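J.: task: produce atomic coordinates for the following.
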Amino acid sequence: MWKSLNPGENVSLGDIIRHITPLAVTAFGEKAYEVVRTELHYFEIMMRPAKTEQEPERRIIRYIDIGYHLGLEVWLDQMSNSNSEYAAGNG
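T.: Numbers count the residues shown, from 1 in each chain. As a prediction, the model looks like this:
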């Protein structure tokens, strides 16, 4: 299930996240991103699944922007993060 990411909460490597801003439907669609790098003040996400042969879309998100400039949700799977099809909206 999707859970809102609140200011001050950190993400972990491999987490699946998506945008929840009003523009999500138009600008980002239902894209799911995977956290591929975490640092103290920011984290990097990569669009999943990468079905094209091009370089996958990547974004750097600053923790300070969460809740102020960005609305994000993180996928919580009680068993594991292996349910990626459902997390990506395909289930």
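J.: quick one: residue 16 and residue 46 touch, right?
T.: No: using Cβ atoms under 8 Å, residue 16 is not in contact with residue 46; the gap is 10.8 Å. Backbone N, C-alpha and C define where each C-beta goes, glycine included.
J.: between the two, who's got more neighbours?
T.: For residue 16 versus residue 46, the count of surrounding residues by other Cβ atoms under 10 Å is larger for residue 16: 23 against 15.
J.: what about the strands in this protein?
T.: 2-5, 16-19, 32-38, 42-48, 58-62, 72-75 (DSSP state E).
J.: about what we covered before: any residues in contact with both of residue 16 and residue 46?
T.: Counting by Cβ atoms under 8 Å, 6 or more residues apart in numbering, the residues touching both residue 16 and residue 46 are 33-34.
J.: for the closest residue to residue 71 other than its chain neighbours, give me the pLDDT.
T.: Nearest residue to residue 71 in three dimensions, chain neighbours excluded: residue 20, at 4.1 Å (Cβ to Cβ, 6 or more residues apart in numbering). We have a pLDDT of 81 for residue 20.
J.: how much space separates residue 20 from residue 55?
T.: As judged by Cβ to Cβ, to the nearest Å, residue 20 and residue 55 stand 25 Å apart.
J.: have a look at these two and say which one is more surrounded.
T.: Using other Cβ under 10 Å, the more surrounded residue of residue 20 and residue 55 is residue 20, with 15 against 8.
J.: so where is this structure shaky, pLDDT-wise?
T.: 21-30, 49-53, 78-91 (pLDDT under 70).
J.: residue 20 and residue 4 touch, don't they?
T.: Yes: the criterion here is Cβ under 8 Å, and residue 20 meets it with residue 4 at 6.9 Å.
J.: any common contacting residues for these two?
T.: Residues touching both residue 20 and residue 4 by Cβ under 8 Å, 6+ apart: 71-73.
J.: top of those by number of neighbours, please.
T.: Neighbour counts for these (other Cβ under 10 Å) peak at residue 72, which has 23 neighbours.
J.: now that one, nearest residue through space, not along the chain?
T.: Nearest to residue 72 is residue 5, by Cβ to Cβ, 6+ apart, at 4.3 Å.
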